[in-house]
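Participant: Generate coordinates for the sequence data below:
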Amino acid sequence: MLLSYRILFSIELLHEYFNKDIFSDCSLVPSVETQQYIGDTLLQRFFTNRLYVLMKEDKGKPYSALDVNRVFRFYLRSNNANLFNYSNIDLRVGKGQFLYFSNLTNNKSGSDLNLSASIPDYSGVTTYQVGDFAKDPASENIFESINQGSGNPLVDMNSWLLRGTTRFVSSADVIMQSVNVFRNTFASPIKKVQTTVKGFKVSGSTLVEYDVFTTNEAFLNPVTDTAVDLSQLSYGKYKIVMLGTTMADVVLNQEVTIYFDLDAQQHGIIGVIEIFSHLDPANDYSLLDNTGLIKEIKYSIRFANKNAIWKYIAQSDNVNDIVTGVAGLSFAKSSKIFTSNRPIQLKQIPDSSFVLEFSNSSPPVKASYPSPSVMKCEKNIDGTIKNYFTEIYINY
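Facilitator: Model (predicted):
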């Protein structure tokens, strides 16, 4: 008997830093639950930067019916310690939080079916940190903050860099991880608290919330810190709603979305991907079309490269200037250090437009390209990032 398989879906990992070699510093591995699906009717392979999930077919349709309640879960694992040096990734990742992606994002751009969440529109009252993204409400353009603050308009070139229309991984994709016991701190002491843990389940072609369990607790003495046991939950995404009552009978309402998965706590896991099977066939992200045929759909996750101030450090006073050949880009000299007037994107292949101009008659020499391993940062008084910079030592 000849067995035939068709690609149920694939997930491609992309990165703006790599302009020659394919991005391979991350990989996708199935969760224990998803591994149990893999067998006769389903195959799974990961090659370089793309995950393939194949399904046994019968005339283009699944050989066995696809369970609408099935969720394919994969872990995003970092294979390179330098990933955060050349990538614009939220600093909370790896510090009790990680990235969450799914095919429920509805973040299509052109023909790209992005699994990352939509980047929020720019708001003049939001305080943007260095590296944050904002979408222009009047267009499809994405801008990156290069100057901490609020109210800086997108046309301010000293505060924003245009990154085109690409939908990058952003802070909108960050979710809190939780261990067996979830802990919360209220702003004021409370005498009692009601905690409801809400899960998500399939209802028709949509995902709806439902109450998993509710606990009530009263305290002999007022407290600010509370805890709830999650150890009996299945792994997945949950919303925790806490209603704390103060001594003055004021109700403090706190909600937080968390991801509970003890396996995802292992070293190197920086995110989780969930592919749902219940979507309506008319949805661009659905796995099957309205006739039941397998779409062979391709999803994407795209990371942005980091922008950094470049500092060329000469060994002598012979270097007089750096000619960039790039409009609006220049270097200021202070002693033997040349500092770029604005951040420059880190790229795998050097920018050959940079040359070094000597004070003597020596011919120009192409400048070296910064290594991600020397990435540093300067911080503001409050501990936030003022800017990233990379130092390039030159033997002249």
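Participant: nearest spatial neighbour of N158, skipping sequence neighbours?
Facilitator: Closest residue to N158 apart from its sequence neighbours, by CB to CB, 6 or more residues apart in numbering: N147 at 6.1 Å. Any C-beta I mention is one placed from the backbone N, CA and C, and that applies to glycine too.
Participant: Which strand or helix spans that neighbour?
Facilitator: Assigned by DSSP states H and E, N147 belongs to no helix or strand.
Participant: any idea how far it is from T34?
Facilitator: According to CB to CB, to the nearest Å, N147 and T34 sit 42 Å apart.
Participant: In stretch 236-243, which residues are buried?
Facilitator: For stretch 236-243, the neighbour count (16 or more other CB atoms under 10 Å) marks 236-238, 240-243 as buried.
Participant: meant to ask about stretch 162-174, not that
Facilitator: 163, 166-174.
Participant: And for stretch 56-67?
Facilitator: 56-57, 61-63, 66.
Participant: what do you get for stretch 295-315?
Facilitator: So for stretch 295-315, counting by 16+ other CB under 10 Å, buried means 295, 297, 299-312, 314.
Participant: Just checking the distance from stretch 273-287 to the centre of its chain.
Facilitator: 21 Å (CA atoms, centre = their mean, to the nearest Å).
Participant: Quick one: residues in contact with stretch 331-341.
Facilitator: 309-317, 319-322, 324, 329-330 (CB atoms under 8 Å, 6 or more residues apart in numbering).
Participant: er, stretch 29-37 I mean
Facilitator: Residues beyond stretch 29-37 that count as contacts (CB under 8 Å, 6+ apart) turn out to be 38, 44, 46, 70, 72-75, 77, 235, 261, 263, 272.
Participant: at 10 Å instead, please
Facilitator: 38, 42, 44, 46, 51, 53, 67, 70-77, 234-236, 261, 263-264, 268-269, 272-275 (CB atoms under 10 Å, 6 or more residues apart in numbering).
Participant: which of the residues in it are buried?
Facilitator: 30-31, 33-34, 37.
Participant: Kindly report the same for stretch 118-132.
Facilitator: 118-119, 122, 128-132.
Participant: ok, now stretch 131-141?
Facilitator: 131-136.
Participant: quick one: which of the residues you listed is nearest V250?
Facilitator: Here the nearest of those to V250, counting by CB to CB, is D132; it sits at 33.3 Å.
Participant: tell me the contacts of the spatially closest residue to the closest one that is not a sequence neighbour?
Facilitator: Leaving aside its sequence neighbours, D132 sits nearest to S145 (CB to CB, 6+ apart; 4.4 Å). Residues near S145 by CB under 10 Å, 6+ apart: 122, 126-134, 152, 154, 159-161, 307.
Participant: Can you list the helices and strands that the helix or strand harbouring Y259 packs against?
Facilitator: In the assignment (DSSP H and E), Y259 maps to strand 251-260. Judged by 3 or more CB pairs under 10 Å, 6 or more residues apart in numbering; DSSP states H and E, strand 251-260 is in contact with strand 97-102, strand 174-178, strand 181-203, strand 236-246, strand 269-276.
Participant: For these, give me a markdown table that also has distance to C377 and mean pLDDT.
Facilitator: Shown next, in a markdown table, are these (distance: least, CB to CB, whole Å; pLDDT from 0 to 100):
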| stretch | distance to C377 | mean pLDDT |
| --- | --- | --- |
| strand 97-102 | 19 | 96 |
| strand 174-178 | 19 | 96 |
| strand 181-203 | 28 | 95 |
| strand 236-246 | 32 | 97 |
| strand 269-276 | 19 | 96 |
